[in-house]
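J.: Fold the following and give me the result.
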Amino acid sequence: PSSIKDPVPPCQGFLFLPPFWKTSFGMSIFNLSNAIMGSGILGLAYAMANTGILLFLFLLTTVALLSSYSIHLLLKSSGIVGIRAYEQLGYRAFGTPGKLAAAIAITLQNIGGRWGMGRTPAPYSTEPQLAPWGTHRRLTQDWYLNGNYLVILISLTIILPLALMKQLGYLGYASGFSLSCMVFFLISVIYKKFQIPCPLPEQDGNSTSNLSDAQGSTSDYQNGYPVLQPAAAGAACSASLFTLNSQTAYTIPIMAFAFVCHPEVLPIYTELKDPSKKKMQGISNISIAVMYVMYFLAALFGYLTFYGRVESELLHTYSYVDPFDVLILCVRVAVLIAVTLTVPIVLFPVRRAIQQMLFQGKDFSWVRHVAIAVVLLITINLLVIFAPSILGIFGLIGATSAPCLIFIFPAIFYIRIVPKDKEPPKSTPKILAAGFAGLGVLFMVMSLSFIISDWATGSAKSGGSH
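T.: Residues are numbered from 1 along each chain as shown. Below you'll find the model as predicted:
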């Protein structure tokens, strides 16, 4: 690797920015936390139901620590060679194949992930109206309630202007507002735990039957809800500390990718005011810690509200209890806003990866900058609108690219970039890095095995964010 020269010297590009373009410590935390956060938080209560509280806490803690260690490897490799671009680290480690592998993985992971998030506006904006005002056919006659139009409208009015920003630091306020929306979601989940009774309330029709198979009569009231009294009410309303079932194995690789933010780490590091490895590691640790707390509390109180009846998408479960609930409708809007404001953050490394692959060494051009953003958004919107049935393909992409970006690439880049005279191949840090890469391969194999198994059995569920 020492014989390979970096085609873009570290003094070019965005590495050294004028002081007024630099991003503060706090804004960097907002941006990285926003990059971590996604609609997957809605599925964590379901994950807890299939692992138990203690196993979930152990897995979440382990993944958070591993993610922090992975960022440590990236930052140390970056510090040694003076490069703050994921793709260029790949070039220094393995030449052109390494650069292309990193760029392709970033592009596939972030476009695939944004495609999944891009599907959020339609159900979140129209579905709350279904129960109060009639059928889906009646609703979709109004253009402003059509999910496809909403996706395009949100992309043009919110995502595109933010995606055109030249620097990540400009998105700090949007990221802060996005996190505020998710805090509102979390507070609402905690509040609903103490408002919704267990057993679940009885509703007219069959809405509750999807959540409970128990037969019972209305014999009690709690917080204004008529409460079912099934024979096994005690069992239905008890939390499990440790659970192993057919879904548990699926939960492990999903949770392994709960803190995906690695493509954004180096761009944020590039724009950081008074940058240092210690400072960027602190930003990463704080961001991971904040999302760790939010993830655990959302999962815990969502699970303790519905226990084993929680669905793979938490907000759908609340709709069964009370489709007229104004608070939950507001939460849906807040989650939609939060997820929408996440998209510009993750498009940044994709655009940078495309520039590294196709326009390497060329000066900044607003025409190219805008064109790449527009093409990316058009591609994502086309996938959202016309290709909802290829969710499995993007699941396959995610299962391949995510472990590469989180586990495998940081470890093998570190092993190749750090000189042997500083750390011999059999030194403890490099042995740990090799083991870390092996763990990534294990997660990749597990994820691919489960996806292929679902395809083979035809049991893959198209819904849910977990």
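J.: following the helix or strand where T317 lies, which helix or strand comes up?
T.: For T317, the host element (DSSP states H and E) is helix 314-321. Later in the chain than helix 314-321, the nearest helix or strand by DSSP H and E is helix 326-358.
J.: relative orientation of the helix holding T317 and helix 326-358 in degrees?
T.: With axes from the mean of the first three to the mean of the last three C-alpha atoms, to 10 degrees defining the directions, helix 314-321 sits at 160 degrees from helix 326-358.
J.: switch to numbering from 33
T.: Shifting the count to begin at 33 puts that one at helix 346-353.
J.: ok, P457 - how many residues close by?
T.: 10 (other C-beta atoms under 10 Å). From N, CA and C alone the C-beta is placed, and that goes for glycine too.
J.: ok, it to S344 distance?
T.: 44 Å (C-beta to C-beta, to the nearest Å).
J.: any weak-confidence spans in this protein?
T.: Counting by pLDDT under 70, the chain shows low-confidence ranges at 33-53, 71, 144-179, 232-267, 419-427, 490-498.
J.: so where do the helices sit in the stretch 83-232 of the chain?
T.: Taking DSSP state H, counting those that start in this stretch as the criterion, the stretch 83-232 of the chain carries its helices at 85-113, 118-126, 128-150, 153-165, 168-172, 179-186, 192-195, 204-225.
J.: okay, the ones you listed in CSV with distance to I377 and mean neighbour count next?
T.: What follows is these, written out as CSV (distance: least, C-beta to C-beta, whole Å; neighbours: other C-beta atoms under 10 Å):
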stretch, distance to I377, mean neighbour count
helix 85-113, 16, 19
helix 118-126, 15, 25
helix 128-150, 9, 22
helix 153-165, 17, 18
helix 168-172, 31, 12
helix 179-186, 15, 18
helix 192-195, 9, 18
helix 204-225, 7, 19
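J.: will you turn those helices into CSV that also has distance to L480?
T.: Formatted as CSV, those follow (distance: least, C-beta to C-beta, whole Å):
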stretch, distance to L480
helix 85-113, 19
helix 118-126, 22
helix 128-150, 14
helix 153-165, 27
helix 168-172, 35
helix 179-186, 29
helix 192-195, 31
helix 204-225, 30
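J.: For D453, find the nearest of those.
T.: helix 85-113 (11.9 Å; C-beta to C-beta).
J.: Give me the distance from the closest one to the chain's centre.
T.: Centroid separation for helix 85-113 versus its chain: 15 Å, with C-alpha atoms, centre = their mean, to the nearest Å.
J.: again with stretch 403-423
T.: With C-alpha atoms, centre = their mean, you get 18 Å for stretch 403-423.
J.: Then stretch 275-290?
T.: Worked out by C-alpha atoms, centre = their mean, stretch 275-290 lies 16 Å from the chain centre.
J.: Show residues contacting it.
T.: 72, 75-76, 79, 81-84, 87-88, 91-92, 95-96, 98, 323, 327, 430-431, 434-435, 438, 475, 478-479, 482, 498 (C-beta atoms under 8 Å, 6 or more residues apart in numbering).
J.: Go again with 6 Å.
T.: Here stretch 275-290 makes contact (C-beta atoms under 6 Å, 6 or more residues apart in numbering) with A79, N82, T83, G84, L91, V95, A434, F475, M478, S479, F482, H498.
J.: For it, buried residues please.
T.: Neighbour-count burial for stretch 275-290 flags T275, T280, Y282, T283, I284, P285, I286, M287, A288, F289, A290 (criterion: 16 or more other C-beta atoms under 10 Å).
J.: now stretch 349-361
T.: Buried residues in stretch 349-361, counting neighbours by 16+ other C-beta under 10 Å, are found at T349, Y350, S351, Y352, V353, D354, P355, D357, I360, L361.
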